[in-house]
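Undergrad: Fold the following and give me the result.
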Amino acid sequence: MRKGWLPGNSWGGSLATLAVDLWVSQSTKWIWATTARSLFLSRAELGRPGKQTKQNTKQELLEPFSLRSRSLSKNSKMTPARPHSLCLLILYLTVGNGQDGKFSGPLKPMTFSIYEGQESSQVIYQFKLNPPAVAFELDGETDDIIKMEPNGLLYYIRALDRETRATHNLQIAALDAQGVTVEGPVPITIEVKDINDNRPMFSQEKYEGSVRQNSRPGKPFMYVNATDLDDPATPNGQLFYQIVIQLPKIDNVMYFQINNKTGEISLTQQGAQELDPVKNPSYNLVVSVKDMGGESENSFSDTVSVDITVKENIWKAPDTVEIIENSTDPHPVKITQVQWNEPGAQYSLVEKEKLPKFPFSIDQEGHIYVTQPLDREEKDSHVFYAVAKDEYGKPLSHPLQIHVKVKDINDNPPSCPSAVTVFEIQENEALGSSIGVFTAHDLDEVNTINSILQYKIVEQTPKIPVDGLFLVEEYEGKIQLARQSLKKQDAPQYNLTVEVSDKDFKTLCAVAINVIDINDQIPIFEKSDYGSLTLPEDTAVGSNILIIRATDADEPFTGSSKIVYQIIQGDKEGRLGIDTDLHTNAGYVTIKKPLDFETASISKIVVHAENPEPLVSGVKYNESSFANFTLFVTDVNEEPVFPQHVFQAEVSEAVAVGTKVGNVTARDPEGQDVRYSLRGDTRGWLKIDPITGEIFSVAPLDRETESVYRVQVVATEVGGSSLSSTSFFHLVLKDVNDNPPRLAKDYTDLFFCYPLRTPGSLVFEATDDDQQTLRGFHFTFALGSESLQNDWEVSKINGTFARISTKHTAFEERVYKIPIRISDGGRPPLEGTVDLPVTFCTCVEGSCFQPIGRQDGMPTVGMAVGILLTTFLVIGIILAVVFIRIKKKKGKDNVENAQASEVKPLRS
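TA: Numbering: from 1, shown residues only. Alright, predicted model coming up:
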């Protein structure tokens with residue numbers, strides 16, 4: 001294939017122009033003739049093989065131009081030849097056989113590539129005549145630009161234009177002297193190659209669009225489109241979009257972004273967060289488009305103005321909804337509504353916490369209903385989410401939180417704290433003494449009128465010495481002595497009936513008040529010094545280590561005689577506790593927290609014994625109510641101690657090998673050195689410094705393999721015992737964009753019915769192994785090969801779904817593997833090319849019919865025949881063996897019979 005003459009081939013073009021100029025000037029025609037003759041002779045006299053043939057060829061070529069060497073004398077008059085023929089003659093004589101010696105050749109199908117916009121009168125090719133042919137004839141899409149001389153010189157007289165015709169389909173035939181075709185016609189194709197001679201132009205003089213505030217960043221809300229007449233398969237027609245101006249531009253922050261290839265305009269992350277129609281209801285963008293992919297200084301460009309109106313985002317969470325509990329209205333009942341910014345959204349509700357039965361629903365108008373009566377005492381509020389999705393089930397934005405508060409009604413009466421509430425009061429207590437606080441309960445909402453309780457004593461038994469000995473505070477329930485001091489000999493117990501009421505209900509509760517002896521005796525220890533105790537520091541928590549006893553002479557089994565033991569000195573850490581036996585008043589000293597030799601090896605413990613009832617006036621506790629003992633704690637070689645059970649660190653999965661990712665610490669209670677090691681490092685990602693506890697990476701980390709990598713850290717005491725303890729180290733890996741997008745599943749089931757009647761489309765989904773953001777993936781899709789652009793088209797549906805569409809119907813019945821480029825738009829962006837299989841197949845009832853070929857394990861015809869013959873052979877062998885054995889048996893029987901007849905006695 002020979003390329004056309006390039007504009008850079010200026011020597012031949014300028015020489016041709018010079019020849020024409022000389023021919024036009026009559027006064028200097030002899031100069032041109034002399035130049036032509038000298039050129040002709042110089043070519044004819046070249047000393048190389050085939051010299052005579054070349055000369056003859058040039059003489060033959062000279063004939064159609066009506067020019068003879070004898071006419072080239074100085075005084076002769078030149079025959080008026082055609083200017084373009086003279087130019088072509090000069091070109092031919094100048095360049096000879098052309099580039100690579102392929103300027104001429106026999107008539108055969110050929111394809112030439114010529115750049116558009118070349119200078120006129122350029123030679124394409126010289127076809128050679130093959131006798132009996134004497135001339136050539138040209139036909140086809142010449143557009144009156146492409147010409148051919150009868151001797152086979154193919155050329156064009158004006159610049160070609162790819163935008164007018166990208167391919168010229170020609171036919172050339174060879175004719176004999178009678179004009180009869182003796183060879184051909186053969187097809188000749190001239191492909192006009194593109195140059196960047198067209199400026200991209202926007203399809204509109206101005207664009208207008210609108211966007212909702214808080215729209216999802218990266219989701220296109222409008223497009224701009226430009227066209228370029230140059231070849232889209234070359235950089236000349238590849239367009240690059242860019243936002244050059246944003247007005248207003250607040251704090252130098254761009255709120256809008258554009259897809260450089262598609263012209264899709266969307267919000268940036270900050271635009272999605274900060275756009276406010278109240279502050280700035282409109283924005284103006286100046287968008288430019290450049291050809292050459294925007295990568296050349298010589299690219300052409302165009303600009304357009306884009307006006308964008310910011311609309312209020314109506315996808316907002318409604319106010320808290322209040323529902324009256326135990327409603328008797330027919331259900332479901334509409335309680336609120338949500339609405340997506342555009343029609344067509346699909347709504348659903350998502351529970352925040354799992355309930356046995358979710359009592360809410362939503363319809364496709366966004367109306368939210370409560371489906372059954374609610375009980376505030378069972379659950380006083382509900383929180384759930386409303387989600388809006390597109391037709392493919394992908395969320396359109398963040399979910400909205402719906403808060404439902406169940407309003408209380410007074411549907412619960414007050415309740416008594418127990419069947420009988422018992423209080424004690426000493427004899428001779430003063431008037432107004434507090435006996436206790438009686439507290440009832442109400443399940444209705446607190447701090448509302450439904451749960452405000454009032455107390456009233458409605459009955460006292462016995463009424464000795466008088467009725468009304470007690471009173472109760474109306475709202476607090478505090479019971480006091482109302483009239484005079486009580487005497488146990490009058491009545492050892494009083495029973496009160498207390499009425500508790502809210503605004504609608506009343507409840508009667510029983511209260512018993514026991515009159516007890518006055519507390520005029522103090523507890524007295526049986527001994528004041530309980531000596532010393534020696535315990536190892538690893539004594540188990542909960543162990544009883546000592547029993548102490550004190551006695552009280554007041555009335556048994558009352559608050560006046562009950563003893564409570566308190567450690568008042570020697571145990572600041574609260575490692576010990578004392579529990580009282582209610583029947584014997586004995587005190588059991590118990591270990592409540594682990595003992596520690598290193599912090600408290602010797603402790604002087606002081607214990608105070610006292611009553612829950614106050615002592616009468618004039619009586620005080622003295623040294624008889626105090627006792628002590630000494631606790632000695634012995635050392636035990638303990639294992640190292642970690643300050644926490646789990647250590648956690650967070651790093652990027654892309655950290656370099658050898659990076660410090662965390663550290664752990666442990667101490668030995670006895671002060672010994674500690675050495676660290678790892679256990680459970682199954683992937684071999686980490687190592688630990690045995691002395692410092694610093695942890696380093698020793699291999700590449702991968703969040704997709706382990707998002708949280710868990711290992712065990714062992715701290716071992718350096719010494720003879722080598723005691724050890726363990727803790728855990730959790731390494732949280734932060735995601736980086738290190739996985740290209742891929743197809744979400746196996747798409748071998750995508751098909752079109754063959755033959756395809758009309759162009760169609762199929763939908764596919766992409767995914768990514770990297771961590772998904774709260775707003776999901778945002779992939780871009782494109783064909784992986786420019787050669788497929790005439791057959792297929794890929795268009796984006798949303799962040800993860802795309803559509804592959806056919807551009808015509810002339811497809812074969814087979815499987816096409818279409819390369820799809822998918823970019824994830826991450827930082828840095830990653831792009832993957834996947835093969836999407838699309839099958840064109842015969843359909844039966846709307847399904848692809850594919851004949852099942854012979855499966856593995858299924859016998860062929862040859863195998864079946866072989867098996868059959870083998871079976872017959874085996875049967876034949878078996879039958880032969882049987883027959884042989886039968887025959888042998890019969891022969892043996894005959895022999896035996898013959899022998900028997902020989903010994904048989906003869907009878908007369």
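
Undergrad: so who does the spatially closest residue to residue 765 that is not a sequence neighbour touch?
TA: Excluding the flanking residues, the one nearest residue 765 by Cβ to Cβ, 6 or more residues apart in numbering is residue 744, at 4.0 Å. All C-beta atoms are positioned from the backbone trio N, CA, C, and that covers glycine. Neighbour list for residue 744: 764-767, 800 [criterion: Cβ atoms under 8 Å, 6 or more residues apart in numbering].

Undergrad: quick one: which of these sit in strands?
TA: Among the contacts of residue 744, the members found in strands (DSSP state E) are 764-767.

Undergrad: just the contacts of residue 744 now: which is nearest residue 292?
TA: Proximity to residue 292 was ranked across the contacts of residue 744 by Cβ to Cβ; first place goes to residue 766, at 29.5 Å.

Undergrad: Would you pull up how far stretch 311-320 lies from the middle of the chain?
TA: 26 Å (Cα atoms, centre = their mean, to the nearest Å).

Undergrad: just stretch 275-288 next, same as before
TA: So, by Cα atoms, centre = their mean, the centroid of stretch 275-288 is 30 Å from its chain's centroid.

Undergrad: cool, stretch 132-148 as well?
TA: A distance of 63 Å separates the centroid of the chain from that of stretch 132-148, by Cα atoms, centre = their mean.

Undergrad: What's the end-to-end length of it?
TA: This stretch, stretch 132-148, spans 19 Å end to end (Cα to Cα, to the nearest Å).

Undergrad: Tell me which residues of stretch 734-749 come out buried.
TA: Using 16 or more other Cβ atoms under 10 Å as the test for burial, stretch 734-749 gives 735-741, 743, 747.

Undergrad: What's the mean pLDDT across that stretch?
TA: Stretch 734-749 carries an average pLDDT of 86.

Undergrad: Could you export it as CSV, CA atoms only?
TA: Extracted in CSV, the C-alpha atoms of stretch 734-749 (Å, rounded to 0.1, in the frame of the first residue of the first chain):
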residue,chain,number,x,y,z
LYS,A,734,-7.6,1.3,56.1
ASP,A,735,-8.5,0.8,52.5
VAL,A,736,-6.6,2.2,49.5
ASN,A,737,-7.8,1.9,46.0
ASP,A,738,-5.8,-1.1,44.9
ASN,A,739,-8.4,-3.2,43.1
PRO,A,740,-9.7,-2.5,39.6
PRO,A,741,-13.4,-2.9,39.0
ARG,A,742,-14.7,-6.1,37.6
LEU,A,743,-18.0,-7.7,36.5
ALA,A,744,-20.3,-8.4,39.5
LYS,A,745,-21.0,-12.0,38.2
ASP,A,746,-20.7,-14.4,35.4
TYR,A,747,-22.6,-12.9,32.4
THR,A,748,-22.5,-15.9,30.1
ASP,A,749,-26.3,-15.8,30.1
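
Undergrad: Over to residue 297: give its phi and psi.
TA: Note on residue 297: its backbone torsions stand at phi -70, psi -20 [degrees, to the nearest 10].

Undergrad: number of nearby residues for it?
TA: Residue 297 sits with 5 neighbouring residues when counted by other Cβ atoms under 10 Å.

Undergrad: picking that back up, the residue nearest to residue 765 and residue 766: what is the separation?
TA: Remark: distance between residue 744 and residue 766 (Cβ to Cβ, to the nearest Å) = 6 Å.

Undergrad: check which helix or strand covers the closest residue to residue 568 other than its chain neighbours.
TA: Leaving aside its sequence neighbours, residue 568 sits nearest to residue 608 (Cβ to Cβ, 6+ apart; 5.0 Å). Using DSSP states H and E, residue 608 sits in strand 602-610.

Undergrad: Return the list of strands paired to that strand, each annotated with direction.
TA: Here strand 602-610 is paired, per DSSP bridges, with strand 564-569 (antiparallel), strand 626-634 (antiparallel).

Undergrad: Please work out which of those is packed deepest.
TA: Of the strands paired with strand 602-610, the one with the most neighbours on average (mean count of other Cβ atoms under 10 Å) is strand 626-634, at a mean of 18.

Undergrad: Now residue 293: phi and psi?
TA: Dihedral angles (degrees, to the nearest 10) for residue 293: phi 70, psi 10.

Undergrad: so where do the helices sit in the stretch 201-350 of the chain?
TA: Listed in chain order, the helices of the stretch 201-350 of the chain (DSSP state H, counting those that start in this stretch) span 269-274.

Undergrad: among the buried residues of stretch 734-749, which are in helices?
TA: Of these, none are assigned to helices by DSSP state H.

Undergrad: Secondary structure element holding residue 733?
TA: Counting by DSSP H and E, residue 733 is part of strand 724-734.

Undergrad: Name the residues of that strand that are buried.
TA: Buried, per 16+ other Cβ under 10 Å, within strand 724-734: 724-729, 731, 733.

Undergrad: Packing partners of that strand?
TA: Where contact means 3 or more Cβ pairs under 8 Å, 6 or more residues apart in numbering; DSSP states H and E, strand 724-734 is packed against strand 646-652, strand 660-663, strand 708-717.

Undergrad: Indicate which one of those is closest to residue 138.
TA: strand 646-652 (69.1 Å).

Undergrad: Which parts of the stretch 801-908 of the chain are helices?
TA: Going by DSSP H, counting those that start in this stretch, the stretch 801-908 of the chain shows helices at 861-902.

Undergrad: so where is it shaky, pLDDT-wise?
TA: For the stretch 801-908 of the chain, residues meeting the criterion pLDDT under 70 lie at 827, 850-862, 889-908.

Undergrad: could you redo the last one with a cut-off of 90?
TA: 809-810, 823-832, 842-874, 876, 878-908 (pLDDT under 90).

Undergrad: helices and strands around the longest strand along the chain, which ones?
TA: Longest strand in the chain, counting residues (DSSP E): strand 181-193. Counting by 3+ Cβ pairs under 8 Å, 6+ apart, the packing neighbours recorded for strand 181-193 are strand 110-115, strand 135-140, strand 167-175.

Undergrad: what does it rub up against?
TA: 107-116, 124, 130, 132-133, 137, 139-140, 146, 154, 160-162, 165-176.

Undergrad: what pLDDT, on average, does that strand get?
TA: Here the average pLDDT along strand 181-193 is 93.

Undergrad: now swap in stretch 523-534 and tell me
TA: On average, stretch 523-534 scores 94.

Undergrad: what comes up buried for that stretch?
TA: In stretch 523-534, counting by 16+ other Cβ under 10 Å, buried: 523-525, 530.

Undergrad: Nearest to residue 244, out of the residues you listed: which one, please.
TA: For the buried residues of stretch 523-534, the nearest to residue 244 is residue 530 (91.5 Å; Cβ to Cβ).

Undergrad: pLDDT at the nearest residue to residue 601 once chain neighbours are set aside, what is it?
TA: Among residues not flanking residue 601 along the chain, residue 633 sits closest, at 5.2 Å (Cβ to Cβ, 6+ apart). Looking at residue 633, its pLDDT reads 93.

Undergrad: Tell me who's in contact with residue 633.
TA: Residue 633 is in contact with 534-537, 595-597, 600-603, counting by Cβ under 8 Å, 6+ apart.

Undergrad: what's the neighbour count on the closest residue to residue 448 other than its chain neighbours?
TA: Leaving out its chain neighbours, the residue that sits closest to residue 448 by Cβ to Cβ, 6+ apart is residue 408, at 6.0 Å. Around residue 408 there are 21 other residues, counting by other Cβ under 10 Å.
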